[in-house]
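Peer 1: Have a look; sequence and predicted model below, questions after that.
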Amino acid sequence: MSRCKVVAIANQKGGTGKTTTAASLGVALAMSGKRVLLIDADPQGDLTASLGWRNPDELETTLATHLEAVARDEPLEPDAGILKHPEGVDLMPANIELSGTEVALVTAMNRERTLKAWLDEAKHGYDYALIDCMPSLGMLAVNALAAADSVIVPVQAQYLPAKGMTQLVKTIGRVKRQINPHLEIEGVLLTLVDGRTNLAKQIEASLREGYGKTLRVFGATVPLAVRAAETSAYGKSIFQHDAKSPVAAAYAKLAEEVLEDAQRKLWPLDFRREKARCPSTCRRSMTCSPRRPSATRWAARKWGSSPST
């Protein structure tokens, strides 16, 4: 990929799996050979803590440092403060200082594009930059949408979270019209799906029926699982914590869908030819390359367990 694609993981409601999705998708893309930068844009610093940095408030350089430098027009190396995670992703951390930065941005010049100004410099050398947005539609969220090429919307398979999608879609449309005309919704990701309940099945069917004609609903669905909730306590992704789990398989499938979509847009004719040659039963990655295993199989091979077939 010749340019870095910036993806915002956004939903104004908390508890929908944004942080888990940002970390898991980022690691899955890294395991597929992509260079990935994760950006924690939430003052709670959940992404930072879940990847193993337990005390974000003790970090000297964070996203807040860079946004304040941009707002004041002060020089600062764009990669200052970027942390390296052992699973192959880089992280721009966040802490509580980002709350004060959000307030300060309200009076800043070009306030909606402050994050974009930093990211335009920092993203060089990466294939993907994933922004973990805070659960609101405030100034930081608008900055993330202004900097992004696309948005992935994690939605919990319950009535109220699904109902709340309407406001988020309106906000994304407003940002697209007024600030970032290239912004698009990459897709809706169903998370915390309890396949045992009729309600979850009804919500999934309703979302696919109601939004499927106008928005992409990913084929991957992330099941409700205790093992997934444990990952943040150990500072590792689901691929290292439990490579055989259905959650790992779901995020591996999501990564393949994201990569497949990127390939389709870059080389539409080649993509159609490749898909025509590849049998429907092919279980290799979306590029149909025998040398590139799926993220789940890569993780199982690396961490010493074999995925279920």
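Peer 2: Yes, it's here. Numbers count the residues shown, from 1 in each chain.
Peer 1: List the residue ranges of the stretch 101-250 of the chain that fall below the pLDDT cut-off.
Peer 2: 159-163, 212 (pLDDT under 70).
Peer 1: show me where this protein has strands.
Peer 2: 5-9, 36-41, 83-84, 89-92, 128-133, 150-156, 184-193, 217-223 (DSSP state E).
Peer 1: Could you point out which of the ones you listed sits nearest R264?
Peer 2: Set against R264 and scored by C-beta to C-beta, the strands of the chain come closest in strand 184-193, at 12.1 Å. In this view, the C-beta of every residue, glycine as well, is placed from N, C-alpha and C.
Peer 1: Report the backbone C-alpha coordinates of that closest one in PDB.
Peer 2: Backbone C-alpha positions of strand 184-193 (Å, rounded to 0.1, in the frame of the first residue of the first chain) are rendered in PDB as follows:
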ATOM      1  CA  GLU A 184     -16.800   7.400   4.400                       C
ATOM      2  CA  ILE A 185     -18.300   4.700   6.700                       C
ATOM      3  CA  GLU A 186     -16.200   1.600   6.100                       C
ATOM      4  CA  GLY A 187     -18.700  -0.600   7.900                       C
ATOM      5  CA  VAL A 188     -20.700  -1.500  11.000                       C
ATOM      6  CA  LEU A 189     -19.200  -4.200  13.200                       C
ATOM      7  CA  LEU A 190     -21.500  -6.100  15.500                       C
ATOM      8  CA  THR A 191     -19.800  -6.800  18.800                       C
ATOM      9  CA  LEU A 192     -20.600  -8.600  22.100                       C
ATOM     10  CA  VAL A 193     -23.000 -10.800  20.200                       C
END
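Peer 1: That strand to strand 150-156, inter-axis angle?
Peer 2: On the basis of axes from the mean of the first three to the mean of the last three C-alpha atoms, to 10 degrees, strand 184-193 is oriented at 20 degrees to strand 150-156.
Peer 1: Next, the buried residues of strand 184-193.
Peer 2: Neighbour-count burial for strand 184-193, counted by 16 or more other C-beta atoms under 10 Å, picks out I185, E186, G187, V188, L189, L190, T191, L192, V193.
Peer 1: Distance to M139 added to the strands of the chain, as CSV?
Peer 2: Output for those, formatted as CSV (distance: least, C-beta to C-beta, whole Å):
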stretch, distance to M139
strand 5-9, 14
strand 36-41, 11
strand 83-84, 24
strand 89-92, 18
strand 128-133, 11
strand 150-156, 17
strand 184-193, 21
strand 217-223, 28
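Peer 1: G17: which of those is closest?
Peer 2: That would be, of the strands of the chain and by C-beta to C-beta, strand 184-193, which comes in at 3.6 Å.
Peer 1: Sheet partners, orientation included, of the closest one?
Peer 2: strand 150-156 (parallel), strand 217-223 (parallel) (DSSP bridges).
Peer 1: With respect to burial, which of those scores highest?
Peer 2: Counting by mean count of other C-beta atoms under 10 Å, strand 150-156 has the highest mean neighbour count of these, with a mean of 24.
Peer 1: Could you export that one as CSV, CA atoms only?
Peer 2: Once non-C-alpha atoms are left out, strand 150-156 reads as follows in CSV (Å, rounded to 0.1, in the frame of the first residue of the first chain):
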residue,chain,number,x,y,z
SER,A,150,-13.1,6.0,6.9
VAL,A,151,-15.0,5.0,10.0
ILE,A,152,-15.6,1.6,11.5
VAL,A,153,-18.6,1.7,13.9
PRO,A,154,-18.7,-1.1,16.5
VAL,A,155,-22.3,-1.7,17.7
GLN,A,156,-23.3,-3.9,20.5
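Peer 1: so that strand versus strand 128-133, what angle?
Peer 2: Going by the same axes, to 10 degrees, strand 150-156 is angled at 50 degrees with respect to strand 128-133.
Peer 1: Next, the angle strand 5-9 makes with strand 150-156.
Peer 2: Using the same axes, to 10 degrees: strand 150-156 against strand 5-9 is 30 degrees.
Peer 1: For strand 150-156, give me every contacting residue.
Peer 2: 5-11, 13, 15-18, 21, 25, 145, 161-162, 165, 168, 172, 183-192, 207, 222, 258 (C-beta atoms under 8 Å, 6 or more residues apart in numbering).
Peer 1: What is whichever helix in the chain runs longest packed up against?
Peer 2: Criterion DSSP state H: the longest helix present in the chain is helix 246-266. Here helix 246-266 touches helix 18-31, strand 184-193, strand 217-223, helix 238-241, helix 268-277, helix 295-303, going by 3 or more C-beta pairs under 8 Å, 6 or more residues apart in numbering; DSSP states H and E.
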